[in-house]
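Asker: Only the shape, not the letters, is given here:
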Ligand SMILES: NC(=[NH2+])NCCC[C@H]1O[C@@H](n2cnc3c(N)ncnc32)[C@H](O)[C@@H]1O
């Protein structure tokens, strides 16, 4: 009969485990002894052979897998949506003040209601994630809907009730303090309006709530506002960011701090920089749409992985420091053939509280007019932390003046896990 301590030693030395792990991202095997997998796959790990490589099984296939790509099963994660923290950030006025102060954002939604006011007469509207209820109040004051369901899960809903009364909309607007997915409503709705967009369009993944509520409560033929959304990308210069975060260390009061540059690279450039204000003069090419979403047909499963290709021709010689992304949303008219309205958060439009998102590469690259930058961007939702994603940019540069030159790289940016 082994003593307890001995049995523990045997267990520790062998590292034999049989435990389920979830793949955080795709892995393509580079050898016959390795096992490929896709983000979200469940792997059975039999042995942690060493720190970096484990022996695992997936659907009857065995092989070595990189431990860095795996996470303990979801049961480990007490709150994959982090709703407690998420809704408490919306319980105070700070974020609502920021959003209400964003004139292009708020004015666009007001314009949508005004330009559809006749068609909204007698309609039932849901404002999902209404916050202080501004969109619901626009509906109640600028149109004559039959009813507006103002749905808000955070404690700000207490204030929303008062704002509805103060603005004399209580006979049309009803506030529901609830997660929209948990709602029981008196009827389906004709219009589902929401301002759900996060950094890089999808961060927070509130969009999943919008799609689930659409599938449950939007009438057939009902209208989604926004009706569609697109993500744009452009190769860009970022001299100020590169100088302040990287060159800064080269000569500090006459001292050489350059050994810190790899640390600075990891700390400042390994994740996207949001609220980046891109100067149009720093665009090295004409931006392009890399991802387009139709909010009437998009499914929750589509959100796991979205990707798009790009091909830029450099229009001005300069330094390629990275890529900048932003989104636009479009609001189709309730009137047949009516014109759509657009909320554009890009560098050529009036600045919004989102501004743009900068992805810094691992080193500046000189580019000449006529060079070609092609590649793909992939938004991979985090299979564990459901409000997070990673953005992978693969790019290759071909030089107009040197057909033999071709540099290909890829970089993955967690947002934020
Ligand atoms: N554009 C964004 N990135 N965020 C702005 C809207 C977010 C508002 O919607 C609320 N909200 C978010 N998700 C939900 C939900 N599932 N149910 C109800 N309210 C929600 C949240 O509490 C906040 O007041």
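Answerer: Arrived safely. Please read all numbers here as calculations on a predicted model, not as lab measurements.
Asker: Now for the residue in the stretch 301-417 of the chain positioned nearest to the ligand: which residues touch it?
Answerer: Taking Cβ to the nearest ligand atom, the ligand has its nearest neighbour within the stretch 301-417 of the chain at residue 354, 8.6 Å off. In this view, the C-beta of every residue, glycine as well, is placed from N, C-alpha and C. Residue 354 makes contacts with 197, 199, 274-275, 326-327, 345, as judged by Cβ atoms under 8 Å, 6 or more residues apart in numbering.
Asker: Just the buried subset of the residues you listed, please.
Answerer: Applying 16 or more other Cβ atoms under 10 Å to the contacts of residue 354, the neighbour count classes 197, 199, 274, 326-327, 345 as buried.
Asker: Show me these that map onto strands.
Answerer: Residues of these located in strands (DSSP state E): 274, 326-327.
Asker: Those into CSV, with extra columns for distance to the ligand?
Answerer: Below are these laid out as CSV (distance: Cβ to the nearest ligand atom, whole Å):
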residue, distance to the ligand
274, 12
326, 14
327, 11
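Asker: Out of those residues, which one has the weakest pLDDT?
Answerer: Within those, the minimum per-residue pLDDT falls on residue 274 (95).
Asker: got the residues of this protein near the ligand?
Answerer: Those residues of the chain that sit near the ligand, judged by Cβ under 6 Å from any ligand atom, are 87, 90, 99, 129, 131, 151-154, 156, 179-181, 195-198, 204, 206, 209.
Asker: tell me the strands in the stretch 301-417 of the chain, going along the chain?
Answerer: For the stretch 301-417 of the chain, the strands defined by DSSP state E, counting those that start in this stretch cover 305-313, 318-331, 341-344, 356-367, 372-381, 389-399, 402-415.
Asker: report the angle between the axes of the second one and strand 305-313?
Answerer: It stands for strand 318-331. 130 degrees (axes from the mean of the first three to the mean of the last three Cα atoms, to 10 degrees).
Asker: The fifth one now?
Answerer: For strand 372-381 against strand 305-313, the angle by the same axes, to 10 degrees is 170 degrees.
Asker: List the buried residues for strand 372-381?
Answerer: 372-373, 375, 377-381.
Asker: Okay, now the sheet partners of that strand, with direction.
Answerer: strand 305-313 (antiparallel), strand 389-399 (antiparallel) (DSSP bridges).
Asker: just the shortest one next, same as before
Answerer: Strand pairing for strand 341-344, using DSSP bridges, gives strand 318-331 (antiparallel).
Asker: Contacts only, for residue 179.
Answerer: Per Cβ under 8 Å, 6+ apart, neighbours of residue 179: 83, 153, 209.
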